[in-house]
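Visitor: Test case, fold it:
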Amino acid sequence: MPVLNEIDYLEHAVRSVLAQDVDGPTELVLALGPSSDGTTELARRLAAADDRVRLVENPQAHIPVGLNAAIRASRHPTVIRVDAHSELSPGYARRALETLRRTGAANVGGVMRADGRTPFQSAVARLYNAPVGLGGGAYHGGAPEGEAESAYLGVMRRDVLDEVGLFDESIRRGEDWELNLRIRQAGHRVWFDPELSVTYWPRESWSRLARQFRATGAWRGELVRRYGRSNSIRFFAPPALVVLLALAVVVGILQLTGVLHGLVAVLASVVYLPLVAYAVLVLAVGLGGAGIARGRRSLRERLWTLAVLPTMHIAWGLGFLTGVLHGAGDTVDASRLGSRNTPLP
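Guide: Just a heads-up that it's a prediction; the model follows:
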């Protein structure tokens, strides 16, 4: 478990891991980044209270670096990746180990079941769980059991990890997708099991969400530079939206200034049509719930949905275009830095 500034989530996450019931010895290795909110002190207290919890340092704070440090320090043949911003469902580890044995896969993952405690976080969670939000990856729910492109978090065979070389430490986001690509290229299978679920708590504010999605988009653009057509076509939808928005702005300025007029101006107006359709989609999702799980939603959550959906798409798309054109460089998820998060009850 890589850990950085998770004072309000870490204990819940650790508790869900230590409560897993499996046959045989277990350990939880926390890779500690340089937190500024008391997370490191809390991790030390948790380690002192349970000898299954072990600590390693991750001074660079990068997720793949921390993951590799924790894996190298681990002592067992199966590696279960966990996240400080999530909680494992009861029976997760036992079911995952059974699925590994049953399928012969190298990596098994389940559903990322996003949830929220505030209207904003709940709006983000519903969009995480919906195809219209994050594009319909298997681990966002709804897909049948079977082979998959990638796995959320992942329950992995240690020998396969050693064979393919662990996580690529030059990749700051999307490191799991890249690892699973190498696993599949090595002739092993990645498996999705919808009976496995992990509760994920999204970012708690609009600015944190925008920073997270911009960084994720930038690294997806970097992965497109490196691996080309190995990337799913769905990753190109948000940047296409950003390009259409930019074209619409340019056309609008040229029409207002009279540079475009007459029939040419009318034909150029075609660029607005997909944006009008997108605006209708956002309104339908925010006010009517089209495309997301049904259920009671407060007015504040519905209004937040109207802001969250385009934020996710535009921030991701802007990051993607930057990553494709210039590379991700030293882009990091700055949403993981800073002040305390919203506490869980």
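
Visitor: mind listing what residue 214 touches?
Guide: Counting by Cβ atoms under 8 Å, 6 or more residues apart in numbering, residue 214 touches 315, 316, 318, 319. Backbone N, C-alpha and C define where each C-beta goes, glycine included.

Visitor: Which parts of the chain are helices?
Guide: Applying DSSP state H to the chain gives helices spanning 10-18, 39-49, 63-73, 92-103, 119-128, 131-134, 158-164, 175-185, 206-227, 237-256, 262-268, 272-283, 299-326.

Visitor: coming back round to it: switch the contacts of residue 214 over to JSON lines; also include pLDDT.
Guide: Output for the contacts of residue 214, formatted as JSON lines (pLDDT from 0 to 100):
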{"residue": "315", "pLDDT": "97"}
{"residue": "316", "pLDDT": "96"}
{"residue": "318", "pLDDT": "97"}
{"residue": "319", "pLDDT": "97"}
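
Visitor: hmm, back to that, could the helices of the chain go into TSV alongside distance to residue 335?
Guide: Shown next, in TSV, are the helices of the chain (distance: least, Cβ to Cβ, whole Å):
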stretch	distance to residue 335
helix 10-18	16
helix 39-49	15
helix 63-73	13
helix 92-103	26
helix 119-128	12
helix 131-134	16
helix 158-164	28
helix 175-185	17
helix 206-227	4
helix 237-256	17
helix 262-268	38
helix 272-283	22
helix 299-326	11
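
Visitor: okay, those, which one's buried deepest?
Guide: Most buried of the helices of the chain by mean neighbour count (mean count of other Cβ atoms under 10 Å) is helix 119-128; its value is a mean of 24.

Visitor: Relative to residue 85, which of the helices of the chain is closest?
Guide: helix 10-18 (7.3 Å; Cβ to Cβ).

Visitor: average pLDDT for that closest one?
Guide: Averaged over helix 10-18, pLDDT sits at 96.

Visitor: can you check stretch 35-49 too?
Guide: Mean predicted confidence for stretch 35-49 is 96.

Visitor: Let's see that stretch as PDB, backbone CA atoms only.
Guide: C-alpha atoms of stretch 35-49 as PDB (Å, rounded to 0.1, in the frame of the first residue of the first chain):
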ATOM      1  CA  SER A  35       3.300  13.100   4.400                       C
ATOM      2  CA  SER A  36       2.600  16.400   6.000                       C
ATOM      3  CA  ASP A  37      -0.600  15.700   7.800                       C
ATOM      4  CA  GLY A  38       0.400  13.100  10.400                       C
ATOM      5  CA  THR A  39      -0.100  10.000   8.200                       C
ATOM      6  CA  THR A  40       3.400   8.700   8.900                       C
ATOM      7  CA  GLU A  41       2.900   8.900  12.700                       C
ATOM      8  CA  LEU A  42      -0.400   7.100  12.300                       C
ATOM      9  CA  ALA A  43       1.200   4.400  10.200                       C
ATOM     10  CA  ARG A  44       3.900   3.900  12.900                       C
ATOM     11  CA  ARG A  45       1.200   3.500  15.600                       C
ATOM     12  CA  LEU A  46      -0.700   1.000  13.400                       C
ATOM     13  CA  ALA A  47       2.600  -1.000  12.900                       C
ATOM     14  CA  ALA A  48       3.300  -1.000  16.600                       C
ATOM     15  CA  ALA A  49      -0.200  -2.300  17.300                       C
END
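
Visitor: before we move on, back to that, out of the helices of the chain, nearest to residue 198?
Guide: helix 92-103 (6.9 Å).

Visitor: Tell me which other helices or strands that closest one touches.
Guide: Judged by 3 or more Cβ pairs under 8 Å, 6 or more residues apart in numbering; DSSP states H and E, helix 92-103 is in contact with strand 78-80, strand 107-114, strand 155-157, strand 190-200.

Visitor: Which of those sits closest to residue 10?
Guide: strand 190-200 (14.4 Å).

Visitor: what comes up buried for the closest one?
Guide: 190, 191, 192, 193, 196, 197, 198, 199, 200 (16 or more other Cβ atoms under 10 Å).

Visitor: Export those to TSV and append columns for distance to residue 240 and pLDDT.
Guide: Shown next, in TSV, are the buried residues of strand 190-200 (distance: Cβ to Cβ, whole Å; pLDDT from 0 to 100):
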residue	distance to residue 240	pLDDT
190	27	97
191	31	97
192	27	95
193	32	95
196	33	94
197	31	92
198	30	93
199	32	92
200	27	92
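
Visitor: for the protein, where's the lowest mean pLDDT among helices and strands?
Guide: Sorting the helices and strands of the chain by mean pLDDT, DSSP states H and E puts helix 131-134 at the bottom, at a mean of 80.

Visitor: Please save the CA atoms from that helix in CSV.
Guide: Output in CSV follows, covering the C-alpha atoms of helix 131-134 (Å, rounded to 0.1, in the frame of the first residue of the first chain):
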residue,chain,number,x,y,z
PRO,A,131,-19.8,4.3,-18.6
VAL,A,132,-20.6,8.0,-19.4
GLY,A,133,-18.1,9.0,-16.7
LEU,A,134,-14.9,6.9,-17.1
